[in-house]
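Student: Got a predicted model here, sequence first, then my questions.
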Amino acid sequence: MTSAERSTRLLTGATVACVAALYLPCVQKAVPGGDSGELITTACELGVAHPPGYPLFTLLSRVALVLLPFQSSAYSVNLLSGLLGALASGALCFTVCRVGGAGPGAVLAGAGFAVSRLVWQWSMVAEVFSLNNLFVGLLFSLAACFHHADSAPQRRKFAQWGALCCGLGLCNQHTLVLYVAVIVPWVLHRLHSHRELSLRGLAELGLCFSGGLLPYVYLPVSSFLNLARWSWGDQTSFLGLFTHLLRAEYGTFSLAKTDRTASLATMLQAQLDHCVADLPLPVLALAGIAVFLSLRDRRRCVLPWLLVSMLLLYSLFFAWRANLDIEKPLLLGVVERFWLQSDAALFVLAGLGLCGLQEALERWLGRGALWSAGGWALTATLVAHLAHSNHRECDQSHNDVVERFARGVLDSIPQDSIVLTRGDLPGNTLRYLHYCQGLRPDVSLVDQEMMTYSWYVAKLGQHHGRVHFPGLWWDPVQSSEKNTFGLEQFLAQNSQRAVFACIGLPEGDPGWQRSFSRWPWGVCDQLVPAQTRFQPEEWGRRTRNMYNWTEAHNSFHPGSWERVANEEMWQARMKTAFFLFDQAESVEGETKAHHFDVSYALYKEIVEKDKDHPSNWDKNMALASERLLRSGGRGHSQDSLLSQSIKYFKLYLDKEPTDPQADAIRSAIAHLLKERRRLRESHTP
């Protein structure tokens, strides 16, 4: 082993160790939001995750559950992501070492990437992105080794390892294919230019690539055995397997199943804004220097321009196909995770730029030790700055908000109920607690979206033995078709059990409203037979303090799942009051006044108890006071009700001055002031 190889290994190992020491204490111990709950549940149950299946991550997560047997399955898989993230930083460090030598540029590439906001953030939770970062780093490393190989056997070895890595990487995240599409033609061209490309060589590379795809065998095996209580799709047929691999149910070549087409320019601008906001300016400048200096050195220009080609192709293609509305903070958070793959190329370019700049300065001005010391100082400063800036936001070790949300929802559900989940927040988190942690085995979880697929009842129906499905799938639009059913039929078939919808119901199947009513139950709704008598005071008592939720309103980042969970918990406190208000609008007489009275009492209780509450509570409180006054007051002082309505309308406008109805609300306030003045004058002697 040469001294250069020894230095490379030591520096790479030190980078991995330091990043791991920083990462692991910050890993989230509870279940995160988003897809994490589903991915962990898939590992617990050995099922299949949402398209394209992520078999490699599932198998690695299962190994983590065995080798890291912590009390929480979520903690074990989150730790796996942290370890994979540390290894990814080592792969980037190794890449720069192999091209520019072991020095500060290599540490900048590896450690700088690791402590950047998005990379650090998504290495703390059970997601596929840290594993994808590792494969990106491995591709870069193998490309560097292949380019600097001195003999045909070495080039063949690195090409074969690269082919295997490409296959394995595509078993995790399909976006890697855009880097593969650049690197494969380059490798074949290099082999051809050395007259080392043959049919046998191509066959060997094909076998290595196919070997990397072997984890996909897991999908049909798991689907055939059908032992998992939670799994997505039916991969026992070629059609079912390719449907899953191509994400046909989820939106092939798109992020989501939606008709919306995002602007290419908007997406590219958002990515550029991320680079400027989250990456230090010296990193971007050094990346540009790497490209500039590579023009002067033909041997060294290959890898920088390979990275630039990958970066441009990936950024353009992803911006074209990322069909989400990034004006919504949560959806922007979904999109920005995919910029990690581009950031990896930028940091390697920055590392190469620092190496090249040091060499150029030494060649022009001498004093190599000075420029080396300056490089180390710059690297230490940039890495320390990023680590200090991002540590507070990325330290998730005490974050259990989403899990407490899910526990609160499950604990509130009555014994032996059916829960119809909808969306990632309730669906994935409740599944994790139910299947991995064994919480509430008496409850049956049925996914609303999954019920609309033809495979759901056939594959998972046997694991819901006490749930009766009146057909093979739920068709919200054409429920009268053969083998399909509507929600009304489903509720009728399961009338012996309480049924709750969390969160919400799709609008395409209103037929259930003929026979059933929807009553508020915290963040969920209970679906009850229409003839069931509703008792306002009793329902208000049952739902008044359903959750012991202590988080302050607006206390989380707008693009986080914690913000969504917190908002749901806060709005759950007023759902019964809002429901009663809405019911009162559609009835007459004493019932109307009674409903307004109970609604007013519930609103008054929550707005006075929680001073820092959502702005819509003020508006609703003002309306409840005004409607109760119109209905006769039910024993409340007219002056008090007028004052309450005026007060809370004004509070609402203070918080929401740009509300489209602001002018109408001001007119209402003026009218209420006149009414209060007239009332007080009539009582003046």
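Tutor: Now that the structure is in, tell me what you want to look at.

Student: Stretch 226-243: how far from the chain's middle?
Tutor: 23 Å (Cα atoms, centre = their mean, to the nearest Å).

Student: And stretch 366-383, by the same measure?
Tutor: Worked out by Cα atoms, centre = their mean, stretch 366-383 lies 38 Å from the chain centre.

Student: can you map out the strands along the stretch 351-500 of the chain?
Tutor: Secondary structure of the stretch 351-500 of the chain by DSSP state E, counting those that start in this stretch: the strands cover 418-421, 444-447, 473-474, 484-485, 499-502.

Student: Kindly present these as TSV, with separate columns for distance to Phe242 and mean pLDDT.
Tutor: The C-beta positions use only the backbone N, C-alpha and C, and glycine is treated the same way. Listed next are the strands of the stretch 351-500 of the chain as TSV, based on distance: least, Cβ to Cβ, whole Å; pLDDT from 0 to 100:
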stretch	distance to Phe242	mean pLDDT
strand 418-421	27	96
strand 444-447	23	95
strand 473-474	20	90
strand 484-485	24	90
strand 499-502	33	95
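
Student: Kindly state which of those strands is positioned closest to Ser193.
Tutor: Between Ser193 and those, the tightest spacing by Cβ to Cβ is seen for strand 444-447, at 53.4 Å.

Student: Contacts for the closest one, please.
Tutor: Applying Cβ atoms under 8 Å, 6 or more residues apart in numbering, the contact partners of strand 444-447 are 417-422, 427, 430-431, 434, 456, 464, 466-467, 497.

Student: try 10 Å this time
Tutor: Identification of contacts with strand 444-447 by Cβ atoms under 10 Å, 6 or more residues apart in numbering yields 229-230, 232, 410, 416-423, 426-428, 430-431, 433-435, 453, 456-457, 460-461, 463-467, 469, 474, 490, 494, 497, 499, 501-502.

Student: now do stretch 306-316
Tutor: With contacts defined as Cβ under 10 Å, 6+ apart, stretch 306-316 is touched by 95, 136, 139-140, 143-144, 147, 175-183, 186, 264, 267-268, 271-272, 287, 290-291, 294, 338-339, 341-346, 348-349, 352.

Student: Mind giving me the ChimeraX command for buried ones among those residues?
Tutor: Selection of buried members from those for ChimeraX, criterion 16 or more other Cβ atoms under 10 Å:
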select :95,136,139,140,143,144,147,175,176,178,179,180,182,183,186,267,271,287,290,291,294,338,339,341,342,343,344,345,346,348,349,352
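
Student: Narrow the contacts of stretch 306-316 to those in helices?
Tutor: Residues of the contacts of stretch 306-316 located in helices (DSSP state H): 95, 136, 139-140, 143-144, 147, 177-183, 186, 264, 267-268, 271-272, 287, 290-291, 294, 341-346, 348-349, 352.

Student: all helices of the stretch 301-450 of the chain, in order?
Tutor: Counting by DSSP state H, counting those that start in this stretch, the stretch 301-450 of the chain has helices at residues 302-321, 329-336, 340-365, 368-394, 401-412, 424-431.

Student: my guess is Leu22 meets Ala384, correct?
Tutor: No: if you go by Cβ atoms under 10 Å, Leu22 and Ala384 don't touch, sitting 11.5 Å apart.

Student: And those two? Which one has more around it.
Tutor: Neighbours of Leu22 and Ala384, each counted by other Cβ atoms under 10 Å, are more numerous for Leu22; the result is 20 against 12.

Student: now that one: how far from Leu580?
Tutor: 52 Å (Cβ to Cβ, to the nearest Å).

Student: sorry, back to before: need the overlap of contacts for Leu22 and Ala384.
Tutor: Common neighbours of Leu22 and Ala384 (Cβ under 10 Å, 6+ apart) are 111, 115.

Student: ok, now which ones touch the nearest residue to Leu60 once chain neighbours are set aside?
Tutor: Excluding the flanking residues, the one nearest Leu60 by Cβ to Cβ, 6 or more residues apart in numbering is Leu80, at 6.3 Å. By Cβ under 10 Å, 6+ apart, the residues touching Leu80 are 27, 43, 57, 60-61, 63-65, 67-68, 126, 130-131.

Student: Assess the claim that Ser517 and Pro529 are in contact.
Tutor: Yes: in this structure, Ser517 is within contact of Pro529 by Cβ under 10 Å, at 7.5 Å.

Student: Between the two, point out the one with more neighbours.
Tutor: Ser517 (16 against 11).

Student: For that one, give the beta-bridge partners.
Tutor: Counting by DSSP bridges, Ser517 forms beta bridges with Val528.

Student: got a list of what it touches?
Tutor: Ser517 touches 525-532, 534, 583, counting by Cβ under 10 Å, 6+ apart.

Student: Would you check how far apart it and Glu537 are?
Tutor: Taken as Cβ to Cβ, the span from Ser517 to Glu537 is 18 Å.

Student: next one: Ser223
Tutor: When Ser223 is compared with Glu537 (using Cβ to Cβ), they lie 51 Å apart.

Student: who has more neighbours, these two?
Tutor: Ser223 (24 against 12).

Student: Backbone dihedrals for the closest residue to Val401 other than its chain neighbours, please?
Tutor: Among residues not flanking Val401 along the chain, Glu562 sits closest, at 4.3 Å (Cβ to Cβ, 6+ apart). Main-chain dihedrals, Glu562, degrees, to the nearest 10: phi -60, psi -40.

Student: Surely Glu562 and Glu393 touch.
Tutor: No: using Cβ under 10 Å, Glu562 makes no contact with Glu393, being 11.7 Å away.

Student: Between these two, point out the one with more neighbours.
Tutor: Shown here are Glu562 and Glu393; by other Cβ under 10 Å, Glu562 has more neighbours (20 against 12).

Student: tell me the contacts of the more buried one?
Tutor: So Glu562 contacts 32-33, 396, 399-402, 405, 551, 555-556 (Cβ under 10 Å, 6+ apart).

Student: same deal with Arg678?
Tutor: Counting by Cβ under 10 Å, 6+ apart, Arg678 has contacts Leu642.
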